[in-house]
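Participant: Quick one: sequence and predicted model below, then my questions.
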Amino acid sequence: MKPIGPLMWEHRLIEQMVDLLRGEIDRITDRKTVNVILIEQAVDFFRTYADRTHHGKEEEILFRDLSGKALSPDHRRIMEELIREHIHGRRLVRKLVEARDVYLNGYAEALPHMARELNELVEFYPKHIEKEDRGFFFPCLDYFTQAEQDRMLQEFRAFDRNMIHEKYRSVVEHFLGKKVMKPSGTG
Ligand SMILES: [Fe+2]
Ligand SMILES: [Fe+2]
């Protein structure tokens, strides 16, 4: 498998979450109510899966290795755009959390605000994904030898293996209010 394989599979799951949220926007608009559990899970999905796990592999492995290559000006520009878009995506999730908190504090008028923030997210992600899938990932592979691609895939897998531990360590640290010791050899 090529290293872009897992990244593209992850895009497909992100798209399905985006579809779920499109349905939720319709419910907010039609029925003036929201499934707060779905919103809660979606926030966790975007933070832990789409950002930390997926964008994490892109930025900390793929883009890091690409930075060391003689990229064409076009590819360098797209990579910089993608990094800026990741930052934008994080901001959109923060804004959704803010709208959700206002709603949960009893302000029903925050509902249309939440729908707007959700709408920004469902508009943003598919465009970002399309830019990577169609215009970036495949040409990127040409910068790497087969051995480099194999190593990258191994590094992706190690990165993923660590995620479940990082996630639940962060849950405990959040409620404990302090850092928890990591087993040696983990991130
Ligand atoms: Fe990305
Ligand atoms: Fe991506």
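Facilitator: It's in. Ligands and ions are numbered 1, 2, ... in the order given.
Participant: SS state for residue 69?
Facilitator: coil (DSSP: H, G, I helix; E, B strand; the rest coil).
Participant: which one is it nearest to, not counting chain neighbours?
Facilitator: residue 143 (4.3 Å; CB to CB, 6 or more residues apart in numbering). (Each C-beta comes from the backbone N, C-alpha and C, glycine too.)
Participant: Verify the stated contact: the one you found with residue 71.
Facilitator: Yes - between residue 143 and residue 71 there is a contact at 7.0 Å, judged by CB atoms under 8 Å.
Participant: For the residue nearest to residue 69, give me the pLDDT.
Facilitator: Listed pLDDT for residue 143 reads 98.
Participant: secondary structure class for it?
Facilitator: Taking three-state DSSP, the label given to residue 143 is coil.
Participant: And it, how far from residue 120?
Facilitator: Distance of residue 143 to residue 120, given as CB to CB, to the nearest Å: 33 Å.
Participant: cool, residue 85 as well?
Facilitator: Noted for residue 85: a distance of 13 Å to residue 120, by CB to CB.
Participant: Next: residue 91.
Facilitator: Per CB to CB, residue 91 is found 9 Å from residue 120.
Participant: One more: residue 18?
Facilitator: If you measure residue 18 against residue 120 using CB to CB, the figure is 12 Å.
Participant: which stretches of this structure form helices?
Facilitator: Taking DSSP state H as the criterion, the chain carries its helices at 4-31, 36-44, 56-57, 64-67, 73-104, 110-135, 137-141, 146-176.
Participant: Looking at those, which one is packed in the most?
Facilitator: Compared across these, helix 56-57 shows the largest average neighbour count, a mean of 22 (mean count of other CB atoms under 10 Å).
Participant: on that earlier part again, enumerate every residue touching the residue nearest to residue 69.
Facilitator: Taking CB atoms under 8 Å, 6 or more residues apart in numbering, we find residue 143 in contact with 66, 69-71.
Participant: This completes my enquiry, with thanks.
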